[in-house]
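*Asks:* Build me a structure from this.
(chains A and B)
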Amino acid sequence: MIVLETVGFRYEMDTTEPVPALEGISLSVTPGTTLGIAGASGSGKTTLLQVMCGLLLPTSGTVRVEGRDLSRSTKARRRACILAGLVFQFPERQLFEATVADDVAYGPRNLGLERADVEERVRHALGRVELDPDTFGRRSPLSLSFGEMRRVALAGVLALKPRVLLLDEPTAGLDERGKRNLEGLLRSLHEGGVGVVVASHDVGFLAEMVQDLVLLENGRAVVRGPVVEILGNTSALRQAGVAVPFAPAVLSVLGERGWRIETGSMREDAVADALVRAGARPVR
Amino acid sequence: MLQATSLDYRYSAAEEQTALSGIDFAANAGQWVAVMGANGSGKSTLLQLLAGIRVPSRGRVLIDGVDMRDLACRREIARHVGIVFQDPATQLVSATVEREVAFGLEHMGMPAGEMRSRVKQLLEYFDITSVRNRPPQSLSGGQKQRVVLASVLAMEPGVLLLDEPTALLDSAAREKLMGILENFRAGGAMAIVMATAHPEEVLRADRVAVLSRGCLVADEAPRSLFSREQECEKWGLPRPPAARMASALGRRGRTLPDSPMTVAEFVSAWTAASADASPKEGPRE
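*Replies:* The predicted model follows:
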């Protein structure tokens, strides 16, 4: 649904910066995708998300959403922002209405929907992020905790019924429970046919959440593939300035010591099963 | 030395719920204390009370035996206590990095020559000399944070408070900050109090204080806390991935020895347990 072909992006105001923010990125995202984007600070994660939803236009290459080139049509670009919903890194910068309900209603109202339809979408979206529309709906977004603001910002995007959800560092500032709730929500959205793209330096979260991973280094996609393979390549992770999560780190050390541990996933449960299998039986 | 006794705090008189209640807490020079707790448990509020930014509704905060309320003004408090917020962008005020680092010293009235050499030292120590003429707001997150640290530490405070300082940093910047804090601890002159959500960082601390709904529910060695799975779950605390994986194996009937907390510890515990399971058929070299 979103197709990037050799996309490059250079921030115009930053003429002193010798390297472009993005260069030669080709990838596609469908509603069935769960894609993680990892990389050091300044590697281009946020820029990539903003290009994918048409918030920024590429300075070279093309971005097509549902077949339409975003650089050629303002209409296509406007539509792209609805089909591909972006949740920013700092939710408090995304909230501006007087009440939570109005904030979530902002997008649907702009679509020109009927009042009843807007209300229904607001209730449904707040329900999805586990905020009671009756109690939270009337509060000011500024009175909320950080985790609650995050959820309101997410609800505002969900109310547009995006087919692909783009999230920028969604776990920053969330506690353990918040992370688990977010993971559950993203999983159920994905099962309902929504594509999920997450840019994050929380690679442990990506290991649990996504099927595919792109590693960015200075704006280039240095590796892309199934998350289990890329996380298994610990030297590529280090090279890209990405912390090696626990499970791949352990498997890599055990591998060096001659243990062969087969796992089809880097999720905690899958790795625990693999470790039990390997430890319970003679190896090699 | 920093000491807080029976601290209560409520955000407004009308509010029934106290944000913090009955907190007793101390940190000595040369100690690194981590503060953990779920969102809304009171971590930031506690740090702000310890920094003198908020005044407790009840109880006292003493710095080297002096009640914080008796310190005449902010400027005097800043000589004793430095605080670094989660988002460094919120505490940068000057037009250039160099002026930012000199800001506090200027207000203290330090002679120009002494100030120049102190600033030069700090810029070098924090690896920000090359960006000294740039506006702080134009720097990366990790650089901004080192600018804030440099300007806070310019005052040579005896207590350094950090509120989730690595939340916005990548792994390289995080390691760099941890190295800097290790050095300060080794220097022995400073008490470090750091709120964090990362168990790997907590393991570096001497102690961890745990807040739950505004109460101090634990204050102990990090390893001892993380080996208590049920309490961590109850208080909403993340445990080190090694400890979680060991629990996951335990649920599968494979209990590992020695409660591993790091990758290296996990590998040796798992290897030992697996050798027991099949003693004659371990891995071949």
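
*Asks:* Need phi/psi at residue B:161.
*Replies:* The phi/psi pair for residue B:161 (degrees, to the nearest 10) reads phi -110, psi 130.

*Asks:* just checking, next helix/strand downstream of the host helix or strand of residue A:235?
*Replies:* Applying DSSP states H and E as the criterion places residue A:235 in helix A:234-239. Downstream of helix A:234-239, the next assigned helix or strand under DSSP H and E is helix A:246-256.

*Asks:* which of the residues in that next one are buried?
*Replies:* Within helix A:246-256, the residues that count as buried by 16 or more other CB atoms under 10 Å in any protein chain shown are A:246-254. Heads up, the C-betas are built off the backbone N, CA and C, glycines and all.

*Asks:* try stretch B:243-262
*Replies:* Buried positions in stretch B:243-262, judged by neighbour count with 16+ other CB under 10 Å: B:243-249, B:252, B:254, B:256, B:259-262.

*Asks:* Stretch B:186-202 too?
*Replies:* B:190-202.

*Asks:* Can you flag which of the residues you listed belong to strands?
*Replies:* Judged by DSSP state E, the subset of the buried residues of stretch B:186-202 located in strands is B:191-195.

*Asks:* Need the pLDDT of the nearest residue to residue B:71 once chain neighbours are set aside.
*Replies:* Nearest residue to residue B:71, sequence neighbours excluded (CB to CB, 6 or more residues apart in numbering or on different chains): residue B:77, at 5.0 Å. Residue B:77 carries a pLDDT value of 79.

*Asks:* likewise residue A:42?
*Replies:* Per-residue confidence (pLDDT) for residue A:42: 83.

*Asks:* Next, the residues that contact whatever helix or strand residue B:248 lives in from outside, please.
*Replies:* Here residue B:248 is covered by helix B:241-251, with elements defined by DSSP H and E. Under the criterion CB atoms under 8 Å, 6 or more residues apart in numbering or on different chains, residues A:204, A:245-247, A:250, A:268-269, A:271-272, A:275-276, B:199, B:226-227, B:229, B:239, B:255-256, B:259-263, B:265-266, B:269-270 lie in contact with helix B:241-251.

*Asks:* Stretch A:131-142 near chain B anywhere?
*Replies:* No. If you take CB under 8 Å from any CB of the partner chain as the test, stretch A:131-142 misses chain B, and the best it gets is 14.0 Å.

*Asks:* Please work out the average pLDDT along that stretch.
*Replies:* Per-residue pLDDT values across stretch A:131-142 average out to 90.

*Asks:* Which of the three states applies to the residue nearest to residue B:71?
*Replies:* helix (DSSP: H, G, I helix; E, B strand; the rest coil).

*Asks:* show me the contacts for the residue nearest the centre of chain A.
*Replies:* Centroid-nearest residue in chain A: residue A:198, 1.6 Å away (criterion: CA atoms, centre = their mean). By CB under 8 Å, 6+ apart, residue A:198 lies in contact with A:34-37, A:167, A:170, A:186, A:205-206, A:209-210.

*Asks:* Buried only: go through these for me.
*Replies:* Among those, those buried by neighbour count (16+ other CB under 10 Å) are A:34-37, A:167, A:170, A:186, A:205-206, A:209-210.

*Asks:* and of those residues, the nearest to residue B:206?
*Replies:* Nearest to residue B:206, judged by CB to CB, of these is residue A:205 at 28.6 Å.

*Asks:* wait, the closest one sits on residue A:178?
*Replies:* No. Using CB atoms under 8 Å as the test, residue A:205 is too far from residue A:178 to be in contact (11.2 Å).

*Asks:* Could you pull out the residues contacting both of those two?
*Replies:* Residues touching both residue A:205 and residue A:178 (CB under 8 Å, 6+ apart) are residue A:171.

*Asks:* in what helix or strand does residue A:197 lie?
*Replies:* strand A:195-199.

*Asks:* what is the rounded mean pLDDT of that strand?
*Replies:* Mean pLDDT, computed over strand A:195-199, is 97.

*Asks:* same check, this time on stretch B:61-70
*Replies:* For stretch B:61-70, mean pLDDT is 86.

*Asks:* Same check on stretch B:274-285?
*Replies:* Averaged across stretch B:274-285, pLDDT comes to 53.

*Asks:* before we move on, what about stretch B:219-236?
*Replies:* On average, stretch B:219-236 scores 97.

*Asks:* doesn't residue B:182 fall inside a helix?
*Replies:* Yes. The assignment for residue B:182 is a helix, going by three-state DSSP.

*Asks:* pretty sure it contacts residue B:204?
*Replies:* Yes. Counting by CB under 8 Å, residue B:182 sits close enough to residue B:204 to count as a contact (7.2 Å).

*Asks:* Looking only at neighbour counts, state which of the two leads.
*Replies:* residue B:204 (16 against 13; other CB atoms under 10 Å in any protein chain shown).

*Asks:* Near chain A, which residues of the stretch 151-285 of chain B are found?
*Replies:* Contact residues, the stretch 151-285 of chain B versus chain A (CB under 8 Å from any CB): B:164, B:167-174, B:197, B:236-238, B:241-242, B:244-245, B:248-249, B:252-254, B:263-264, B:266-267, B:270-271, B:273-274, B:277-278, B:281-285.
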